[in-house]
Every structure is written in structure tokens, then in C-alpha cells.
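Visitor: below are the sequence and a predicted model for it; my questions follow.
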Amino acid sequence: MSIEKEHPGLYSAEEIAKCLTLLSGLILIFLGLFRLGWIIELIPYIPISAFVTSASITIIGTQLPKALGIDGIDTRQAPFRVYVDVFKNLSDTQLDAAIGLSSILLLWVIRQVCAKLEVRQPAKKRLWATISSLRLTFAILLYTFISWLVHRTIPHEKQYWKFKLVGKIESGFKHAGVPSLKPDLVKLVLPELPAIIIILVIEHIAIAKSFGRRYGYTVIPSQEILAQGVSNALGTFLGGYACTGSFGASAVLTKAGVRTPLAGLFSAMILILALYALTAVFYYIPMAALAGLIIHAVINLMTSPSDLYKYWQLSPLELLIWIVGVAVGIFVSLETSIYTTIALSFAVLLVRMARPHGEFLGQIKVKRVVREEMTEKSEAISSNDSDTACSSTEAQDTVRDVYLPMDKKDSSNPKLEVAMPYPGVFLYRFDEALNYVNAARHIDHMLSYITAHTRRTTSNDNVPTKVSFLTLHFIRLPKS
């Protein structure tokens, strides 16, 4: 963390983490109690996508030295510098690289095989999906067993290790206690809070809404934020750090058939059991295997090229914001990245609101043309159904009105002739909401267009020179 780097030895990492977690929890509780969850809707999706991708690249960079067994690399510097140092020191790889790289390959193979078997064996789709979701557990157990076989007769000292291990972990809640809230520490932590809170809320709400859409229930943001705040605030007293919803754990529970929050109680019981009874097993977990699992997990969170192509199709400008966000995250920091992308997104929103491009619409006649074989089927159906309002032939001859832009700058057929709906009547479509920011521009556009396409009926009709927006009375000029 930057605080520990800028003020070495002043506060321990544990004190900083507890203070940050408690303050973020209290702020989230405040937001939840006052029903301010709607604020999360103001954060666009593009900054979230850019942050997740840049965070994934950063996490992979911090885990690569562990996966390859390379020592002496400062993973707290800018992500691009970490990658440069890793490539410079590839010759220093150790036996850990065999474990780290093989774990990544094993996890990828299991995922691909299970994905193909889900398609080939639809009847066992749930089985293969469950196996795929448990691949991380299987991999860590496998490499822990291998590590135990290698180190079971070796003294528990680092100089005797064949490859790096997690090492001794204290059992139980040894770090439980009241967090430190010294005024100087709070001042150092406050600048980090906005980014932490944004990250916690965005990730939690995104996960909750994704499962809500899948299973048909509504997510109340304020309620989720309140629960998250209570979890962080209380977890601090047990030695916990800032946490949010887990997509992986939620996916495993869903595939296992969980339908109620009672599953959290069983998860907590297993966690407590592990903290008190399985810490001796944690000693043998290889650091390289653990790094491989983390790398495999975060790679799936990165934005895919197909999604980037969708961004380009929807709005090239938003794709540019995404690229800027990822670049800033890699070359500067994640906090700067999320602030930059949100600021750019709001700037684009304000520009679009202030500089709209309304369109005048014209009218064309269209009708539905049905192929002959489809018409025969429709006639057969309509003849058997006495409640049918009209036959397929009548439906085919029905003509309806469609309104298209007069400037023909859309994707419609350029050969179509768009006409005014009625002499002296103009249809205007707003591409942005009408407000005080863009009202003058809309009025100027309408006045200039209508004045150019109309003339007054008489030279002296007592109409004042200043024509307000609500008193536009013009007649369209006849064609020459």
C-alpha cells in the first residue's frame, strides 16, 4: 500500500488495513441507512470494465514472480515496471515455475474439457458444471499433497524448502481486537477511501445484479450496501480486511443448488473449522500453485475482444475511454484509472447534453410483404380460427406510417423519399433530454430549419419579431 511505502515503519500493514476496513464499513452503513444506493447508478459501465481489466493485469503482474519463483522484484511499483522486471529476470526462475505454470495449464484444461462435455452430454450438464467450478479446489489439494510428499521429512525451515511454501499460519482469530483509529492514521487513510468504496460497491452490486437477472429477483442496492458495510465494520474486530461479494463463491453455491442465505452459515462453520484444525495443512501449500490459481481466476475477468468490438459498434468514444482507463491503470495506478475514466465519462455526458443533435422527421408509407408459402400457411390458420380479425391477404395490404430523419443520415435506404407529414407541420425528435443546458441550441436549430423551409402567409400579420418557442406558426414553402 502507498501509505506503508511513503511512511515505512510508522504503522504496520495490519493497522492500516483495519483502519481502512472500519472506515469504509461505516461509510457504507451510512449510505445504506439513508437509502443512497441509487448513487451507484451514476457510475457508467465503461469505467467499471476498464478498472476490472487493469486490475486483472495488475494482479497477474504481482503473482508472476511467485509463479515463476523469481526473487527480488518489487510488486508495489507501477504494473508495467513489474512486467519489465519479470522479463529481465526470466533467467532466475526456479523449481517453483514448474508448479506455477503446470497449475495454470491444469486449470485451463479442466475448464475446456468440462465446457465441451457440457455441450456433448446435456443430461450431465450440471455434473460437468459442478466439476468445472471445483477445479480450483482440486488443483490446490493436488499440489498441497505433492508438496507434503516432498517436504514431509524435511525440517520446517525455509532454507530446506525445495520450493516456496505458505509456511506457518496461526490458528484461530489471533488478530482479533479493536482497530486503531489514531488521527494521523485516519488522515493518511482518507485519500484511499473513495477508490476503495467505489470498488467494493461496484463489484458487489454487479455480482448481485448478474445473479438477479439470471434467477429473476430484484436487487435493492441500498440493502446490499448496508449488508456489506455491516460485514466490513464487524469483520474488522476479528482481524478482517475490506471485502466485497465473491463471484466465484456465489457461482459454486448456485451450481450446488443453494437457494437461501442459510448456506452462509455452513460456509462460516467450515471456515472456522479450517482456521482451528487445518492450519497445519496450509503450511504445505506451494506459493507458486496459489499464484497460478489467482492468475487463472483473474484472467477470466478481463474484457474479451468481442466485448471491445461491441463497445466500438455502440460508441467509439467510449472504447477510447476504456483504452485510456486501462493504460492509466497499467502505467500509473488503479486509483488514478478509475477516477480518470469516471471523469471522462461524465465529461462526455455533459458534452452530449449541451451539444445535442435533434432531427426533423419525415413520413413514408410501408407495408409488410409475406412470402407465398407463408401466406398459404397463414390463410389455413385463419380459416380455422373464427376469432381472427383479418386474413393474411388483408394484413399484407395494410399500410402504416413510419417516420425517418429528413437529412437521411441514418442507415435507412437512401432511395426512399421522405416527405413532410402535412404542410406546415414539423416533427422534431430530441436525441437528449430537453433541459436548460441544451434548450437554446434546440430552439436555434428549429428556428433556422423552419425559417429556411417556410414563409409567412402575409407580409403584415402583426406577428412580433421575437418569436417564442411555443408560438411557431409557419407554412411550408411549395416546391419549385
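Guide: Yep, it's here. Numbering: from 1, shown residues only.
Visitor: tell me where the stretch 51-200 of the chain has helices.
Guide: In the stretch 51-200 of the chain, the helices defined using DSSP state H, counting those that start in this stretch lie at 79-88, 96-120, 125-133, 135-151, 183-189, 193-215.
Visitor: dump the ones you listed into a markdown table; add distance to L344, mean pLDDT and mean neighbour count as well.
Guide: Just so you know, the C-beta spots here come from the backbone N, C-alpha and C atoms, and that holds for glycine as well. Putting those into a markdown table (distance: least, C-beta to C-beta, whole Å; pLDDT from 0 to 100; neighbours: other C-beta atoms under 10 Å) gives the following:
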| stretch | distance to L344 | mean pLDDT | mean neighbour count |
| --- | --- | --- | --- |
| helix 79-88 | 20 | 92 | 16 |
| helix 96-120 | 34 | 93 | 17 |
| helix 125-133 | 37 | 86 | 17 |
| helix 135-151 | 36 | 91 | 16 |
| helix 183-189 | 27 | 86 | 15 |
| helix 193-215 | 15 | 79 | 18 |
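Visitor: and of these, who's closest to I57?
Guide: Closest to I57 of these, according to C-beta to C-beta: helix 79-88, at 6.1 Å.
Visitor: how about stretch 228-243: buried residues?
Guide: Neighbour-count burial for stretch 228-243, counted by 16 or more other C-beta atoms under 10 Å, picks out Q228, G229, S231, N232, A233, G235, T236, F237, G239, G240, A242, C243.
Visitor: also stretch 348-368?
Guide: Counting neighbours by 16+ other C-beta under 10 Å, one finds that the buried residues in stretch 348-368 are V348, P356, G358, E359, F360, L361, G362, Q363.
Visitor: report the mean per-residue pLDDT for the longest strand anywhere in the chain.
Guide: When the chain is parsed with DSSP state E, its longest strand is strand 359-367. In this model, strand 359-367 has an average pLDDT of 85.
Visitor: returning to what we had before: dump the helices of the stretch 51-200 of the chain to CSV, plus distance to P423.
Guide: Converted to CSV, those look like this (distance: least, C-beta to C-beta, whole Å):
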stretch, distance to P423
helix 79-88, 64
helix 96-120, 61
helix 125-133, 63
helix 135-151, 70
helix 183-189, 69
helix 193-215, 49
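Visitor: and P421, how far from H453?
Guide: With distances taken as C-beta to C-beta, to the nearest Å, P421 is found 13 Å from H453.
Visitor: who has more neighbours, the two?
Guide: Shown here are P421 and H453; by other C-beta atoms under 10 Å, H453 has more neighbours (16 against 12).
Visitor: convert stretch 10-30 to PDB, retaining C-alpha atoms only.
Guide: Output of stretch 10-30 as PDB, limited to C-alpha atoms (Å, rounded to 0.1, in the frame of the first residue of the first chain):
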ATOM      1  CA  LEU A  10       5.200   4.300  11.100                       C
ATOM      2  CA  TYR A  11       2.200   2.000  11.000                       C
ATOM      3  CA  SER A  12       2.000  -1.700  10.400                       C
ATOM      4  CA  ALA A  13       0.100  -3.200   7.500                       C
ATOM      5  CA  GLU A  14      -2.400  -4.700   9.900                       C
ATOM      6  CA  GLU A  15      -3.200  -1.300  11.500                       C
ATOM      7  CA  ILE A  16      -3.600   0.300   8.100                       C
ATOM      8  CA  ALA A  17      -5.900  -2.500   6.800                       C
ATOM      9  CA  LYS A  18      -8.100  -2.500   9.900                       C
ATOM     10  CA  CYS A  19      -8.500   1.300   9.900                       C
ATOM     11  CA  LEU A  20      -9.300   1.300   6.200                       C
ATOM     12  CA  THR A  21     -11.800  -1.500   6.600                       C
ATOM     13  CA  LEU A  22     -13.600   0.100   9.500                       C
ATOM     14  CA  LEU A  23     -13.900   3.500   7.900                       C
ATOM     15  CA  SER A  24     -15.100   2.000   4.600                       C
ATOM     16  CA  GLY A  25     -17.700  -0.100   6.500                       C
ATOM     17  CA  LEU A  26     -19.000   2.900   8.400                       C
ATOM     18  CA  ILE A  27     -19.400   4.900   5.200                       C
ATOM     19  CA  LEU A  28     -21.200   2.000   3.600                       C
ATOM     20  CA  ILE A  29     -23.600   1.700   6.600                       C
ATOM     21  CA  PHE A  30     -24.300   5.400   6.300                       C
END
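Visitor: same question for it, mean pLDDT?
Guide: Mean predicted lDDT for stretch 10-30 stands at 87.
Visitor: residues in contact with that stretch?
Guide: Stretch 10-30 is contacted from outside by 1, 3-4, 36, 175, 179-181, 185-186, 188-190, 192-193, 196-197, 200-201, 225-226, 228-236, 239-242, using C-beta atoms under 8 Å, 6 or more residues apart in numbering.
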